[in-house]
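Q: Below is the structure, and that's it, no one-letter string:
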């Protein structure tokens, strides 16, 4: 993660299945790193942890309640995963700040949990919501232009960065690509 921050990445999403004490310890350390780079730390699906460490916000699974998260974290960024147009509409209705729409391509960092959506579905999702849409699933520097042209505001790119031989260099390639 430090290499990604050094390479210019400024938003980190923390996802962990560790036990509570270890998860808290890791999240606190991660927050220190992210804060040092004036970045944003999003916590994946754990509202209490997001509150405990004063994270920038939370990213919810598609089956979690936006309204519960908004009550618990009224001044924080709240995003949610979506996999269908109906979920995109629900996210807008319940006032998410952004959505992940996935999977666009076969994920690089985990098994496929949902049917592939592809570029056409991504474009449809982007055209039919006012929310910022981030593409997720198999997004790499090499295919980002296609995702961007479909209307995505951005992309979740952990697999591409952390599976590379040099996460710092790959992060810098992303920063250059986005600047084009």
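A: Yep, that arrived. This one's a predicted model, so the numbers in the text were calculated from it and none came from an experiment. Numbering: from 1, shown residues only.
Q: got a list of what the most centrally placed residue in the chain touches?
A: The residue lying closest to the centre of the chain (Cα atoms, centre = their mean) is residue 156, at 4.9 Å. By Cβ atoms under 8 Å, 6 or more residues apart in numbering, the residues touching residue 156 are 13, 100, 102, 134-137, 139. C-beta coordinates here come from the backbone N, C-alpha and C atoms, glycine included.
Q: Please narrow these to those residing in strands.
A: Judged by DSSP state E, strands contain the following of those: 13, 100, 134-135.
Q: Count the residues that sit near residue 113.
A: Other residues within reach of residue 113, judged by other Cβ atoms under 10 Å, total 12.
Q: count of residues packed around the residue nearest to it when sequence neighbours are not counted?
A: Leaving aside its sequence neighbours, residue 113 sits nearest to residue 103 (Cβ to Cβ, 6 or more residues apart in numbering; 7.8 Å). Per other Cβ under 10 Å, the neighbour tally for residue 103 reads 21.
Q: Check the one 3 residues further on too.
A: Here the number of neighbours of residue 106 (other Cβ under 10 Å) works out to 11.
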